[in-house]
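Enquirer: Give me coordinates for this.
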Amino acid sequence: MYLNKVILIGNLTRDPELKAIPSGTKVCTFSLATNRVYKDKDGKKQEIVEYHNVVVFARVAELVAQYLKKGSQAYVEGRLQTRSWEQNGEKKYRTEIVAETVQFGSRPTGGTSSSPAKAGDKPTTGSSAPAASESIEYPTEEINPDDIPF
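Expert: Numbering: from 1, shown residues only. You can find the predicted model right below:
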């Protein structure tokens, strides 16, 4: 049995970049920083930061580009993938996390968290990122569990 699974919780180090590949599928890339705090052999507190390259496709890519920005917290679940290419006669490699699930965490300005975005969600057209001064309006009525279709 083989397993290739990555789970990370960290902060975006830059704004997500949304592009489209020739087939029309949306691709979003961003970088996530995670840290580890430990005590060294002298008892001093040390902190190591790791930077992870993340790529998402389709509807998840659109949602990430729309709602996340530098400093936003995110939960990422996916798999490791290494790709290679030739540049100026030199072979280059890049290991990335291909995310299947991205859950939005708290925003740097203290916003609320959102529900997870899953790979395979159907894309919608005409969506645009809200302006920085706009806030998301949430419904005020109570949700009846009997109305949920699953």
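Enquirer: Look up the residues forming beta bridges with the nearest residue to residue 21 once chain neighbours are set aside.
Expert: Residue nearest to residue 21 in three dimensions, not counting chain neighbours: residue 27, with 5.7 Å by Cβ to Cβ, 6 or more residues apart in numbering. C-betas here are computed from N, CA, C, even on glycine. With DSSP bridges as the criterion, residue 27 is bridged to residue 19, residue 57.
Enquirer: and residue 27, how many residues sit next to it?
Expert: 15 (other Cβ atoms under 10 Å).
Enquirer: then the one helix or strand residue 85 maps to to PDB, C-alphas only?
Expert: Taking DSSP states H and E as the criterion, residue 85 maps to strand 73-87. Taking C-alpha atoms only, strand 73-87 is exported to PDB below (Å, rounded to 0.1, in the frame of the first residue of the first chain):
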ATOM      1  CA  GLN A  73      -4.400  31.400   7.400                       C
ATOM      2  CA  ALA A  74      -5.300  28.300   5.500                       C
ATOM      3  CA  TYR A  75      -5.600  24.500   6.000                       C
ATOM      4  CA  VAL A  76      -4.300  22.600   3.000                       C
ATOM      5  CA  GLU A  77      -4.800  18.900   2.300                       C
ATOM      6  CA  GLY A  78      -3.400  17.300  -0.800                       C
ATOM      7  CA  ARG A  79      -0.400  15.300  -2.200                       C
ATOM      8  CA  LEU A  80       3.200  15.900  -3.000                       C
ATOM      9  CA  GLN A  81       4.200  16.200  -6.600                       C
ATOM     10  CA  THR A  82       7.600  16.900  -8.200                       C
ATOM     11  CA  ARG A  83       7.800  18.300 -11.700                       C
ATOM     12  CA  SER A  84      10.800  19.000 -13.800                       C
ATOM     13  CA  TRP A  85      11.600  21.100 -16.900                       C
ATOM     14  CA  GLU A  86      14.600  22.200 -18.900                       C
ATOM     15  CA  GLN A  87      15.700  25.900 -18.600                       C
END
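Enquirer: buried set for that strand?
Expert: 73, 74, 75, 76, 77, 78 (16 or more other Cβ atoms under 10 Å).
Enquirer: Save the residues you listed as a markdown table, and put in pLDDT and distance to residue 48 too.
Expert: Output for the buried residues of strand 73-87, formatted as a markdown table (pLDDT from 0 to 100; distance: Cβ to Cβ, whole Å):
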| residue | pLDDT | distance to residue 48 |
| --- | --- | --- |
| 73 | 95 | 19 |
| 74 | 95 | 20 |
| 75 | 95 | 20 |
| 76 | 96 | 19 |
| 77 | 96 | 22 |
| 78 | 96 | 22 |
